[in-house]
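Q: here's my sequence, what's the structure:
(one chain, ligands or ions: 1)
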Amino acid sequence: MSIPFLDRLRSAGRLDQLFIDGQWTAPRGTTRMPVVDPSTEEAVAEVALGNAQDVDRAVAAARRAFADWSCCDPKERAEKIGRLHALVLERAETFAQAISLEMGAAIATARSAQVPVAAEHLRVARDLARDYAFMVRRDGMAIVREPIGVCSLITPWNWPLYQITAKVGPSLAAGCTVVLKPSELSPFSAILFAEAVQDAGFPDGVFNLVAGEGHDVGAAMSSHPDVDMVSITGSTRAGILVAQAAAPTVKRVAQELGGKSPNVILPDADLARAVPAGVAAGMRNVGQSCSAPTRMVVPRERLAEVERLAVEAVSRLVVADPRSESATHGPVANRAQFVRVQEMVEAGIAEGARLLCGGSGRPDGLARGFYVRPTVFSDVHTRMRIAQEEIFGPVLCIIPYDTVEEAVAIANDTVYGLGAHVQGEDLGAARAVAARIRSGQVHINNPAWNPHAPFGGYKRSGNGREYGVEGLQEYLETKAILGYEAKESA
Ligand code: NAD
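A: Prediction:
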C-alpha cells in the first residue's frame, strides 16, 4: 500500500537516519526496528536505531550549540519557535496521518486533538520566550533565570507529537539545547518534527534526534556526564530507571509518569452531563492517556442511573479502522498494550467486578488489529487490581461510595496523583473536594483543556511540572547576583 508521507520519508532516506548537529546522518547503531500498523498488525516500515555512540555525538553537538543559543536574545528564540509552530500547523495533515499510522489514533482524533494541542505547546513556548522575565531585580540583587544546559528528552507513544512539543518547546525557549529520544514505537511523527525543526532554521546542534530503545539510547541519555537534565514522560518503571541512572551525575530529573485518575461525582451532580463526559474523558485516545479519569467514584444511591448513562455513552463509540472518518476509536497502539488490556479485563472479572459492557476479546467484526472492547465495570472495590493499576486502555471502573468523606478517601487511595475530576452543581462543595484530592490537576465540571495549566504528578506520578510558565521554569537555573547595584560610596 502506498502511503504518501511514508513513501517520501523512505525515498529521502529519513527512516535510516538520525538528526544530529543540523544534519541527517546514518546511525552508528546497527539495529533496525519494524514499525507495526496497529490496525493490521503488519509492519509498514523499518527504522534505524541509534546507540550510545550516537548519544555521545548528539550530546557533543548540543554542548557546542549551547554556548550561543543560551546567550542569544530570547526574542530570537521566540522567532524560531514561532516558525516551528507555523510549520507544524502547515503540515498538520501529514502529522495526523503519521500519528494515526504509528499508534492507531482515529484520524478524526489525530486531526482534532493530537496535532492541534501539540502545536499549542509551541505557541505557548514562543510567547514565553518573548515575554518571560529572565532577570528581575530584588532586594538589591539581580535574580537571573538561566537555561540549565543540555537536556535529554525522552517521550512515549500515546500522544507522540504532543509529548515532544511539551518538552522541546519550553526547553528551547529557556535557552537549553536538547537531545530527543521519542518512543521507538512511534518514530514517524518525530522524524517529521525534526524536519520541521530543520526547516525552521534553528542553529546546528540546538535540537538533535536520536531514535532508539529505552534500555540502550534512553539509558545512555540518562547517565551521560555532559547532560544537565533529563526529562522523561513514560511509565513509572522507566521513570525510576532514569532517575537511578541520572543520580551519580546529580542531574535534574523531571518525571511525568503513570496515573489512575479519579472522577468524583458528587450527589448533586447533573448526571446526564457528567457521566457521558466522564466516559468520553476516560476513554479518549482509547484510554491511552496518563491522566485519563478511569475511576468514576459515584454516590451509591445514584449507581443505577450512572450505570445506565455510562453504558449508553459507550454504545455511541465507534471502534473501527482508524483511517475511517467515522471512527471515534481505533485500536490500542501495540501488541503489548493489547495483551495488557485483555489481562486486566480478565482480572476484573476474576476479582468479582460486575461487567456492564465490553469484556475481553475484540469487538465484533474486527478479527485482526489491536482492537479492544470499550469496557465498563461496576461495583468495583478500590482494592481490586483494576482500581489500582494503570490499564492504559478503554476500561472504566465505577466505584460506589456512601459519604463524600469516603469518596475523597477512594479518590486518594492510589499510589498515583496526576489528574482528577470533580462533578457537582454546588461549586463550593466541588471546590472543597478538589482541595482534598492529592493530584497535580483537578478539573471541576469538565473545563476546556488549558495549555497554561501546569501538569504533573504527586506521589508516583512523577516530579516536576510541564506546560505554561511552570513548564518553562523546569528548564531554568536560578542565579542570584549580589552587589549587582553599585553602592553610593560613603
Ligand atoms: P515506557 O515507559 O515504556 O516508555 C516511555 C519512554 O521511555 C520511551 O521513549 C522508552 O523508550 C523510554 N524508556 C524505557 N525504558 C527506559 C530506560 N530504562 N531508560 C530511559 N528511557 C527508557 O512508556 P510507554 O509505554 O511509551 O507510555 C505509556 C506510559 O507513559 C504510561 O505509564 C503512561 O501513564 C505514561 N505517560 C505519562 C504521561 C504524563 O505526562 N504523566 C503522559 C503520557 C504517558
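
Q: which SSE is the most centrally placed residue in the chain in?
A: Nearest to the geometric centre of the chain sits Q163, at 4.3 Å (Cα atoms, centre = their mean). Taking DSSP states H and E as the criterion, Q163 maps to helix 160-174.

Q: now check stretch 28-40, is it near the ligand?
A: No - using Cβ under 6 Å from any ligand atom, stretch 28-40 stays clear of the ligand, coming no nearer than 10.9 Å. Glycine gets a C-beta too; all of them are placed from N, C-alpha and C.

Q: so how far is that stretch from its chain's centroid?
A: Put simply, stretch 28-40 sits 21 Å off its chain's centre (Cα atoms, centre = their mean, to the nearest Å).

Q: how about stretch 140-151?
A: 27 Å.

Q: for stretch 12-27, same thing?
A: 25 Å.

Q: and it, what's buried?
A: Buried residues in stretch 12-27, counted by 16 or more other Cβ atoms under 10 Å: R14, L15, D16, Q17, L18, F19, I20, D21, G22, W24, T25, P27.

Q: tell me the mean pLDDT for stretch 78-87?
A: On average, the pLDDT along stretch 78-87 is 98.

Q: quick check: buried residues in that stretch?
A: A78, K80, I81, G82, R83, L84, H85, A86, L87.

Q: which of the residues you listed fall within helices?
A: Those of those mapping onto helices are A78, K80, I81, G82, R83, L84, H85, A86, L87, per DSSP state H.

Q: same list, those, but as CSV with distance to L172 please.
A: Converted to CSV, these look like this (distance: Cβ to Cβ, whole Å):
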residue, distance to L172
A78, 10
K80, 8
I81, 6
G82, 11
R83, 12
L84, 8
H85, 11
A86, 15
L87, 14
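
Q: tell me which two of the residues you listed sit farthest apart.
A: Using Cβ to Cβ, those span at most 15.0 Å, a distance reached by A78 and L87.

Q: for N446, which residues are in contact?
A: Taking Cβ atoms under 8 Å, 6 or more residues apart in numbering, we find N446 in contact with R273, A274, A277, A281, H421, Q423.

Q: quick revisit: does the residue nearest to the centre of the chain touch T155 like I think?
A: Yes - the pair Q163 / T155 is scored as a contact, 4.1 Å apart, by Cβ atoms under 8 Å.

Q: common neighbours of the two, please.
A: Joint contacts of Q163 and T155 (Cβ under 8 Å, 6+ apart) are T233.

Q: rewinding a little: need the contact list for the residue nearest to the centre of the chain.
A: With Cβ under 8 Å, 6+ apart, Q163 has these contacts: T155, P156, T233.

Q: for G419, see how far away the last one is.
A: Between T233 and G419 the distance, using Cβ to Cβ, to the nearest Å, works out to 14 Å.

Q: joint contacts of those two?
A: C290.

Q: flag the shaky bits of this structure, pLDDT-wise.
A: 488-490 (pLDDT under 70).

Q: who in it is up against the ligand?
A: Within the chain, the residues that sit near the ligand (Cβ under 6 Å from any ligand atom) are 154-158, 181, 183-184, 213-215, 218-219, 222, 232-235, 238, 241-242, 256-259, 290, 390, 392, 418, 457, 461-462.

Q: now, those that are in helices?
A: Going by DSSP H, the helices hold A219, S222, A238, L241, V242 from the residues of the chain next to the ligand.

Q: so which of the residues you listed comes closest to V124?
A: V242 (25.0 Å).

Q: any quick PyMOL command for the buried ones out of the residues of the chain next to the ligand?
A: Buried members of these, defined by 16+ other Cβ under 10 Å, are picked up in PyMOL with:
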select buried, resi 154+155+156+157+158+181+183+184+213+214+218+219+222+232+233+234+235+238+241+242+256+257+258+259+290+390+392+418+457+461+462
